[in-house]
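*Asks:* Just a sequence and a predicted model for now, questions to come.
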Amino acid sequence: MDTIRLTMAQALLRFLDRQYIEVDGIETKFVRGVMGIFGHGNVTGIGEALEREPGELVFVQGKNEQGMVHAATAFAKQRNRKEIYACTSSIGPGALNMITGAATATINRIPVLLLPGDNFASRQPDPVLQQIEVPSDYTISANDPFKAVSRYWDRIVRPEQLMSALLQAMRVLTDPAETGAVTLALPQDVQTEAYDYPAEFFAKRVHRLDRRPPSPQAIQRATRLISSKKRPLLIAGGGVHYADATNELLAFAEAFGIPVAETQAGKSAVPWNHPLSVGGVGTTGTLAANKLAAEADLIIGVGTRYSDFTTASKSAFRNEEAAFLNLNVSSFDSVKMQGEFVTADAKEALRALMESLIQEGYSSGYGQGEILELKAEWDAEVDRLYSLQSPDGFTQTHALGIVNREVGEQGIIVAAAGSLPGDLHRVWRSVQPKTYHMEYGFSCMGYEVSGAFGVAMAEPDRDVYALLGDGSYLMLHSELVTAIQEGVKIIIVLFDNNGFQCIHNLQRGHGSDSFGNEFRYRSDKTGLLDGGYIPIDFAAHARSMGAAAYTARNASELEQALAQAKAEPGPVLVEIKVLPGTNTSGYESWWNVGVPEVSTGDKVLQAHAEMKKKRQEARPY
């Protein structure tokens, strides 16, 4: 048997460089490159291998370990999980910084390969710099917490273990149902140890993703269920995009006259102006979608995991006769809401179910013009919100209307946390698929700038906009420097509303007073953070790092700033000073949150009583 003598790190990269994925007969190189920040735990191992023998792998220098994982996640999400980046870090704090990114990827079912450095397997020296020591179990390191947020985890303590670990890692990374973060903890001494690896291990390897077909029995059961219902509602989740099933979803809806609502991950699956498109559903949903959900006798979830925002904490579906039919490649998700299920690829399931229902002669029982009437009512509300003005300042929804118009049909927006996801889910008008990139599985503050960088690498010919608040920007903006370094253009649209206003609204809406959520000075009078607002010049901050930047305080300034941003050759930030509290809310939605049962505040006790009543009205499963 022919062998090649390589260090474990060199073998790792050589293997990754030869991985391909095949979907519908189209072959794609699976691993685009490695993002990394070097330290003593990886610089002489993976770092040396990347320097000397990277093959076709591209190295991208991250500036924050969490940020680079977000960028890798966004890249894979935008590429519909057909291409990935690996991420490498040193041991200790560098590795731990990646855990939030790992959780974000896993919750959203996005493949990302994490390669954190680890303690010396030889335990010489011991303890090494940055090593966490657990006296009761000396095998534990800072990398063990990755187990909770990884779909596959392994520690390579001998160089030959790499082979079986990589095969398992690729199994998970390329599995549409099981994918998420994969973590291979790499002790820093083992990275540099040599082994005679079989040459055939580095041959080109194609991972063929065969679409999982639905069973005939499942299609029969689903057909019987749908045929017995007159007011079905389709809910499009992220799985519709990952399965490239947007055309099939729309064809299914049109064939039977079924309205389509969308989750955050599913939004842009259908054009906003399609007659059957009723927009976001649930806690951040539209009035049209939530009214239909309340009266629906059947919910057909396609590629959704039914988060509490999608179901409005299980209160959205109020028809006692309502049933659930779930089309999902993941059996874990397909059994949710105690529904009937078809565990299969979304594209294949929709095709088979459509054919079966056509043979049955099925059509929904919605009244003539009923869906169009609800849609027209909501469209008028969005028009109102997009033109809403206040004598006190620039409203957030008015600013969003301008941004929506300027972004156009081709531009891609990236968002994740704060009040913007609620507004965007309700009012943003997407026309083309994959132009709405929302990370709302983890709603991770700080994803936005890093995510926009990842999306821009995946879609180099399109304008990519990061939409975020000042709170998210302050938490994590470091990959703006990476975008500048790589010459990757992103447009950061920063809505400055002086704090964490989304949670501020949640706080005050449940009986509490304003406390700890706005960016204010500490008051000499009260001793609390209720003094004047802290004036922050975010545009100046962006310029200091090398980006172009503009500030807008009204509609005309915003229009001009966005036009100038489009003309800039590199990364740019547009700071919008918006009036706090001018985001959207309500529209027959609800969210189950904890409200104190005991409090000295009467408003808190009243809010608790209202919450308790709503919980009793929600579905128990």
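*Replies:* Sure thing, it's come through.

*Asks:* Can you check the pLDDT for residue 514?
*Replies:* Residue 514 carries a pLDDT score of 89 in this model.

*Asks:* Where does it fall, secondary structure wise?
*Replies:* In this structure, residue 514 sits in neither a helix nor a strand according to DSSP states H and E.

*Asks:* got the contact list for it?
*Replies:* 504, 507-508, 530 (C-beta atoms under 8 Å, 6 or more residues apart in numbering). C-beta here means a position set from N, CA and C on the backbone, and glycine is covered the same way.

*Asks:* Out of the residues you listed, which is nearest to residue 11?
*Replies:* Proximity of the contacts of residue 514 to residue 11 was ranked by C-beta to C-beta; the top entry is residue 504 with 51.7 Å.

*Asks:* Look up phi and psi at residue 235.
*Replies:* phi -120, psi 110 (degrees, to the nearest 10).

*Asks:* Check the gap between it and residue 266 for me.
*Replies:* Distance, residue 235 to residue 266, by C-beta to C-beta, to the nearest Å: 7 Å.

*Asks:* how's the protein carved up into domains?
*Replies:* Here the domain parsing of the chain from automatic domain parsing is 3-209, 216-373, 387-498+534-577.

*Asks:* Next, format those domains as CSV and append mean neighbour count and mean pLDDT.
*Replies:* Below are those laid out as CSV (neighbours: other C-beta atoms under 10 Å; pLDDT from 0 to 100):
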stretch, mean neighbour count, mean pLDDT
domain 3-209, 20, 97
domain 216-373, 21, 97
domain 387-498+534-577, 21, 97
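
*Asks:* what's the closest of those domains to residue 611?
*Replies:* Using C-beta to C-beta, the nearest of those to residue 611 is domain 216-373, at 10.1 Å.

*Asks:* now the closest one: how far from the chain's centre is it?
*Replies:* With C-alpha atoms, centre = their mean, to the nearest Å as the basis, domain 216-373 stands 21 Å off its chain's centre.

*Asks:* tell me, what's touching residue 235 and residue 266 both at once?
*Replies:* With C-beta under 8 Å, 6+ apart as the test, residue 235 and residue 266 both reach 302, 304.

*Asks:* all helices of the stretch 101-250 of the chain, in order?
*Replies:* Secondary structure of the stretch 101-250 of the chain by DSSP state H, counting those that start in this stretch: the helices cover 161-173, 188-191, 216-227, 238-242, 246-256.

*Asks:* Throw those into CSV and include distance to residue 132, thanks.
*Replies:* What follows is these, written out as CSV (distance: least, C-beta to C-beta, whole Å):
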stretch, distance to residue 132
helix 161-173, 22
helix 188-191, 14
helix 216-227, 48
helix 238-242, 35
helix 246-256, 46
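
*Asks:* on that earlier part again, report the buried members of the contacts of residue 514.
*Replies:* Buried subset of the contacts of residue 514 (neighbour count, 16 or more other C-beta atoms under 10 Å): 504, 507, 530.

*Asks:* From residue 313, how far out is the second one?
*Replies:* It stands for residue 507. The separation that residue 507 has from residue 313, given C-beta to C-beta, amounts to 18 Å.

*Asks:* and residue 505, what element?
*Replies:* Assigned by DSSP H and E, residue 505 belongs to helix 501-508.

*Asks:* try residue 60
*Replies:* Using DSSP H and E, residue 60 falls within strand 58-61.

*Asks:* roughly how far apart are the most centrally placed residue in the chain and residue 472?
*Replies:* In the chain, the C-alpha nearest the mean C-alpha coordinate belongs to residue 439, at 2.3 Å (C-alpha atoms, centre = their mean). Residue 439 sits at a distance of 11 Å from residue 472 (criterion: C-beta to C-beta).

*Asks:* do the same with residue 26
*Replies:* 36 Å.

*Asks:* do residue 379 as well
*Replies:* Note on residue 379: its distance to residue 472, by C-beta to C-beta, is 29 Å.

*Asks:* Ok, residue 241 next?
*Replies:* Using C-beta to C-beta, residue 241 is found at 23 Å from residue 472.

*Asks:* Show me the beta-bridge partners of residue 84.
*Replies:* In this entry, residue 84 is beta-bridged to residue 31, by DSSP bridges.

*Asks:* give the contact list for it.
*Replies:* 30-32, 72, 75-76, 111-113, 173.

*Asks:* between those residues, which is nearest residue 192?
*Replies:* Among these, and counting by C-beta to C-beta, the member closest to residue 192 is residue 113, at 20.0 Å.

*Asks:* For that closest one, list the residues it contacts.
*Replies:* 16, 31, 84-87, 169, 173, 182, 184.

*Asks:* From those, pick the one nearest residue 354.
*Replies:* Of the contacts of residue 113, the one sitting nearest to residue 354 (C-beta to C-beta) turns out to be residue 173, at 31.1 Å.

*Asks:* Skip the chain neighbours and tell me the closest residue to the closest one.
*Replies:* Excluding its sequence neighbours, the residue lying closest to residue 173 (C-beta to C-beta, 6 or more residues apart in numbering) is residue 111, at 4.3 Å.

*Asks:* Quick check, the one you found in contact with residue 76.
*Replies:* Yes: the criterion here is C-beta atoms under 8 Å, and residue 111 meets it with residue 76 at 5.4 Å.

*Asks:* which residues are common contacts for those two?
*Replies:* Shared contacts of residue 111 and residue 76 (C-beta under 8 Å, 6+ apart): 84, 105.

*Asks:* In contact with the spatially closest residue to residue 523 that is not a sequence neighbour, which residues?
*Replies:* Nearest residue to residue 523, sequence neighbours excluded (C-beta to C-beta, 6+ apart): residue 531, at 4.1 Å. Contact analysis of residue 531 by C-beta under 8 Å, 6+ apart lists 520-524.

*Asks:* change it to 10 Å
*Replies:* Contacts here follow C-beta atoms under 10 Å, 6 or more residues apart in numbering; on that basis residue 531 touches 520-525.

*Asks:* Equivalent analysis for residue 463, please.
*Replies:* Residue 463 makes contact with 406-408, 410-413, 456, 489-491, 565-566, according to C-beta under 10 Å, 6+ apart.

*Asks:* Can you show me the strands along the stretch 201-350 of the chain?
*Replies:* With DSSP state E, counting those that start in this stretch, the ranges of strands along the stretch 201-350 of the chain come out as 205-209, 232-236, 260-262, 277-280, 298-302, 323-328, 340-343.

*Asks:* so which of those strands gets nearest residue 575?
*Replies:* So among the strands of the stretch 201-350 of the chain, strand 277-280 is nearest, using C-beta to C-beta, at 26.8 Å.

*Asks:* So in that sheet, which strands flank that closest one, and in what orientation?
*Replies:* Sheet pairing here is set by DSSP bridges, and for strand 277-280 it gives strand 260-262 (parallel).
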